[in-house]
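Trainee: Could you work out the structure for the sequence below:
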Amino acid sequence: MLKITENPPILYPEVSSIRELGGKLWIAHTRSRNEKALAWDLLNQNASYFLPLVGRTIFSGGRRRQSLMPLFSSYVFLIGDDRVRELALATHRVCNVIAVEDQDKLLDELASIERLVRAGMQIDPCPFAVVGQLVRISRGPFRGVVGRIIRRDNVMRLVVGVSMLNQGAEMEVDADILEPME
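Mentor: Predicted structure coming up:
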């Protein structure tokens, strides 16, 4: 298990937002537990990627350890032209590269996920399609983040999804800072 400081950056090259990187988005479906290794390989090849990592507490050998885990297991987002896709495939860590039809939609979704991850919010993977009202956070540091509302354990949570993966991330949210989108 890697120390926190030994993990790849979540976004390469390091810029303030994924929106600053130009190029086409691709979704690399990696072999099991190869997300970080692929990120390091891409970084060493100077290829752009986004790998959202979230903090987790792991218990092993009777000890409690902090680790960073991929938010979306087996997925790394590639940013660039066909060269980046070919570099990823050449690593032999990728099973498939998924073409993205709606580039703007995926970029908006990933930018929202990036804001939550960079802010250090406690977010959890949400590996199922969410049915609920589409809302936008109207004020505060996450103003403009769009997601769907769910209620779990009598707590209102906002799910920010990545529709191409049919997955997302969820966080607690107060209803008074939400505005309906539909």
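
Trainee: residue ranges with poor pLDDT in this protein?
Mentor: Scanning the chain for pLDDT under 70 picks out the ranges 1, 126-131, 182.

Trainee: rerun at 80
Mentor: The chain contains residues with pLDDT under 80 at 1-4, 58-60, 126-132, 152-154, 175-176, 182.

Trainee: In this structure, which residue sits furthest out from the middle?
Mentor: What lies farthest from the middle of the chain is Gly62; by Cα atoms, centre = their mean that is 30.1 Å.

Trainee: and that residue, what are its phi and psi?
Mentor: In terms of degrees, to the nearest 10, the main-chain angles of Gly62 are phi 70, psi 10.

Trainee: Now do the strands in this protein.
Mentor: In the chain, the strands defined using DSSP state E lie at 11-12, 24-30, 48-50, 53-60, 63-70, 75-80, 94-99, 124-126, 134-137, 146-152, 155-162, 167-172, 178-180.

Trainee: Pipe those into CSV and attach mean neighbour count and distance to Leu87 per row.
Mentor: All C-beta spots, glycine's among them, are computed from the backbone N, C-alpha and C. As requested, the strands of the chain are exported to CSV (neighbours: other Cβ atoms under 10 Å; distance: least, Cβ to Cβ, whole Å):
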stretch, mean neighbour count, distance to Leu87
strand 11-12, 22, 12
strand 24-30, 20, 10
strand 48-50, 24, 10
strand 53-60, 12, 21
strand 63-70, 14, 19
strand 75-80, 24, 9
strand 94-99, 15, 10
strand 124-126, 18, 27
strand 134-137, 17, 36
strand 146-152, 17, 32
strand 155-162, 20, 22
strand 167-172, 20, 25
strand 178-180, 12, 41
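
Trainee: what residues are up against the residue farthest from the centre of the chain?
Mentor: Applying Cβ atoms under 8 Å, 6 or more residues apart in numbering to Gly62 gives no contacts.

Trainee: How much space separates it from Pro8?
Mentor: As for Gly62, its distance to Pro8 is 29 Å (criterion: Cβ to Cβ, to the nearest Å).

Trainee: for Gly132, same thing?
Mentor: Gly132 sits 33 Å away from Pro8, going by Cβ to Cβ.

Trainee: For the two, work out which one has more neighbours and name it.
Mentor: Between Gly132 and Pro8, counted using other Cβ atoms under 10 Å, the more crowded position is Pro8 (22 against 13).
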